[in-house]
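Peer 1: Below is the sequence, then the predicted model.
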Amino acid sequence: MSVAALIARHEWRRLAVQPFAWGLAAVAVALMAWQFLLALQAFLQLAPKLGGLKDAPGLTDLLAIPLLRSFSNLLMLLVPLITMRTIAGERRTQSLPLLLAAGVGNLRITLGKYFGALGFVLVILLLVLAMPLALEFGTTLDLGRIAAATIGLVLFAGALTAIGVLCSAWTPQPALAAAAAFAITSLLAIIDAGARVQGIDNAGINYLALPTHIEPFFRGLVASVDIVYFLLIIVIALALTARRLDRLRSVAD
Amino acid sequence: MDNVSRVLAGRRVVREVSLSLGRGEVLGLLGVNGAGKSTTLRMIAGVLAPSVGMVRIAGEDLYERPELARRGIGYLPEVAPLHTELTVDEFLVFCARLRGLAGGARAAATRAIERCELGDVRRRLIGALSKGFRQRVGLAQAILHDPELIVLDEPASGLDPVQALRLRELVRGLGADHAVVLSTHVLPDVLACCDRVAILHEGALRHEGALAAFGQDGALRVRVTRALAANDWLGLTMVAAADPIDAADARRWRLRLRDGVSTGALAAAIVERSWGLEELRAENSALEEIFMTIAAGALPAVAA
């Protein structure tokens, strides 16, 4: 697997030297920081009133978790933009033969590309996570809940990245890959919205939806059923990507 | 490769081509655009699987064992596969690691940089380099792991004449201890650096043979400023035969020298007689003629 690790590191490096990726990360962090400061100000105004309540919600409920939930929504837009060039970009600049001619297997290329992009997404996640955690210096946070939410976000980002890499393998146009990845994740996010309106919230269609599985993490519940859901998405998307690469070896580009 | 065929988008792009190549040989793959050269090379490089037949390296099927390509093959496609956001150094070190040179990656990159004369630009971004330099980075990428087989798809395209000349020298040098396959539609490239030539037309192998069989019969082309007759030439002891290239032009001649006579001796004799030597070169028309005939579609396929 060392080749996959090598490609992953190389991918990370390529992302890291591109103004596009950094710009994207900067915009995402700035957006979250702004939300964080607004929420903090609102909390400070509310704090005197909360003091009188029994079992009043704390910073974790009112600030940290909503911030991370909002970040999960931003990820749906952000991740496709980061993953769009992973394979489509190589096809566009006709540099894919570099990997294909080096005798690197499809799965290794896929894993390398995947973990390279995921690494970049996780860096942004860490930066966002640092904002609420910084409050730990002056107050007490429910670190257990934040840890659960973090696990959920990592799995969520992992699934979105896998979908993004798959879409990137499917088309030689990075923009199309981003659009397709965004369409698929959006569909997964709202697939059970109609059913919910009808009051159905425990059926097969609910199982397919992303929010069904990310929400428990925000509530502090780490359940194997949710972990399996995200892992399934990752495995299926990466297997399809490897298959697609195999197909790319046998067609003219 | 044995009887290799390749169907792309329902079209047979390469038909039953068989080629073999040994270490220390440079094979030139000639053909007009669309003849199937690139497809053939992609199969040899292990990037594209053949539809029928197989490509073997040292007796092993390349498609069954793709890892053979990792150390054994260097491939420069038509468009050099480069990561333009990196520097030359970074990129080549990555390529060396990709080829399994973990410890010696930096040394291998440095060697390739020297070999391809990239020393001045090694810290510059590949995206900022000119086409000629990029092509050389592509070449460096193909040779840095010292592969047994080097596959070059139109390596001279986009190079200026000086760079093209350097490239020929480099390929010639590589051919001494590697097996090299290169495709081109530039005949002088083939003449300058290949031992053997294979001509593809419409996906089929139409001609294959040692380059020595073409135009190496000692015929020379000479252009002088003074109008001469055949007898003037035959008056020189070293000339065995002299024919005008164009009956109406007494200044351009096709000469054949006697065995063992050097071209330099002829040049000296012409200068001594003040005939005004303007051009003196080896004639390569046999290959050119075969190529042109095949390209015109007149020659039937030969069994290779």
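Peer 2: Perfect, I can see it now.
Peer 1: can you give me the helices in the stretch 151-253 of chain A?
Peer 2: According to DSSP state H, counting those that start in this stretch, the stretch 151-253 of chain A carries its helices in the segments A:174-190, A:193-197, A:204-208, A:210-218, A:224-249.
Peer 1: now the fourth one, how far from the centre of its chain.
Peer 2: So that's helix A:210-218. 13 Å (Cα atoms, centre = their mean, to the nearest Å).
Peer 1: Now do it: which elements does it pack against?
Peer 2: With contacts defined as 3 or more Cβ pairs under 8 Å, 6 or more residues apart in numbering or on different chains; DSSP states H and E, helix A:210-218 has these neighbours: helix A:65-83, helix A:143-170, helix A:174-190, helix A:224-249. To be clear about C-beta, it is placed using only N, CA and C from the backbone, and glycine gets the same treatment.
Peer 1: hmm, 10 Å instead?
Peer 2: If contacts are counted by 3 or more Cβ pairs under 10 Å, 6 or more residues apart in numbering or on different chains; DSSP states H and E, helix A:210-218 sits against helix A:65-83, helix A:143-170, helix A:174-190, helix A:193-197, helix A:204-208, helix A:224-249.
Peer 1: tell me the mean pLDDT for the first one?
Peer 2: On average, the pLDDT along helix A:65-83 is 94.
Peer 1: what do you get for the second one?
Peer 2: Mean pLDDT, helix A:143-170: 95.
Peer 1: ok, it near chain B or not?
Peer 2: No: figure legend: helix A:143-170 not in contact with chain B (Cβ under 10 Å from any Cβ of the partner chain); closest approach 15.7 Å.
Peer 1: now swap in the third one and tell me
Peer 2: No: Helix A:174-190 does not reach chain B (Cβ under 10 Å from any Cβ); its nearest approach is 14.0 Å.
Peer 1: what's the angle between that helix and helix A:65-83?
Peer 2: 150 degrees (axes from the mean of the first three to the mean of the last three Cα atoms, to 10 degrees).
Peer 1: And the last one, by the same measure?
Peer 2: Angle of helix A:224-249 versus helix A:65-83, following the same axes, to 10 degrees, is 10 degrees.
Peer 1: buried stuff in helix A:224-249?
Peer 2: A:226, A:229-230, A:233-234, A:237-238, A:240-242, A:244-245, A:248-249 (16 or more other Cβ atoms under 10 Å in any protein chain shown).
Peer 1: By pLDDT, rank those residues and give me the bottom one.
Peer 2: The lowest pLDDT within these belongs to A:Arg249, with 79.
Peer 1: Report the residue spans of the chain with pLDDT below the cut-off.
Peer 2: All of this refers to chain A. Within chain A, the segments meeting pLDDT under 70 span A:1, A:251-253.
Peer 1: was after chain B, sorry
Peer 2: Scanning chain B with the threshold set as pLDDT under 70 gives B:1-13, B:15, B:212-218, B:247, B:283-286, B:289, B:296-304.
Peer 1: Next, please give the residue ranges for the helices of it.
Peer 2: Listed in chain order, the helices of chain B (DSSP state H) span B:37-44, B:67-72, B:88-98, B:105-115, B:131-143, B:161-175, B:187-193, B:230-234, B:263-272, B:285-295.
Peer 1: Which strands or helices does the shortest one pack on?
Peer 2: The reference is to helix B:230-234. Against helix B:230-234 (3+ Cβ pairs under 10 Å, 6+ apart) you get strand B:219-224, strand B:239-246, strand B:249-257, helix B:263-272.
Peer 1: Please identify the deepest-packed of the ones you listed.
Peer 2: strand B:219-224 (a mean of 19; mean count of other Cβ atoms under 10 Å in any protein chain shown).
Peer 1: That one pairs with which strands, and in what direction?
Peer 2: For strand B:219-224, the paired strands and their directions (DSSP bridges) read strand B:249-257 (antiparallel), strand B:277-282 (antiparallel).
Peer 1: C-alpha coordinates for it, CSV please?
Peer 2: The C-alpha trace of strand B:219-224 is given here as CSV (Å, rounded to 0.1, in the frame of the first residue of the first chain):
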residue,chain,number,x,y,z
ALA,B,219,24.7,7.0,-52.7
LEU,B,220,25.4,10.7,-52.1
ARG,B,221,23.6,13.8,-53.2
VAL,B,222,25.8,16.6,-54.4
ARG,B,223,25.1,20.2,-55.5
VAL,B,224,27.7,22.3,-57.0
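Peer 1: ok, and what's touching it?
Peer 2: B:228, B:232-233, B:239, B:241-243, B:245, B:249-257, B:263, B:266-267, B:270, B:273-286 (Cβ atoms under 10 Å, 6 or more residues apart in numbering or on different chains).
Peer 1: how big is the angle separating it from helix B:285-295?
Peer 2: Counting by the same axes, to 10 degrees, strand B:219-224 lies at 110 degrees to helix B:285-295.
Peer 1: Next, the angle from strand B:219-224 to helix B:263-272.
Peer 2: 20 degrees.
Peer 1: closest to A:Leu99 among the buried residues of helix A:224-249?
Peer 2: A:Leu245 (9.0 Å; Cβ to Cβ).
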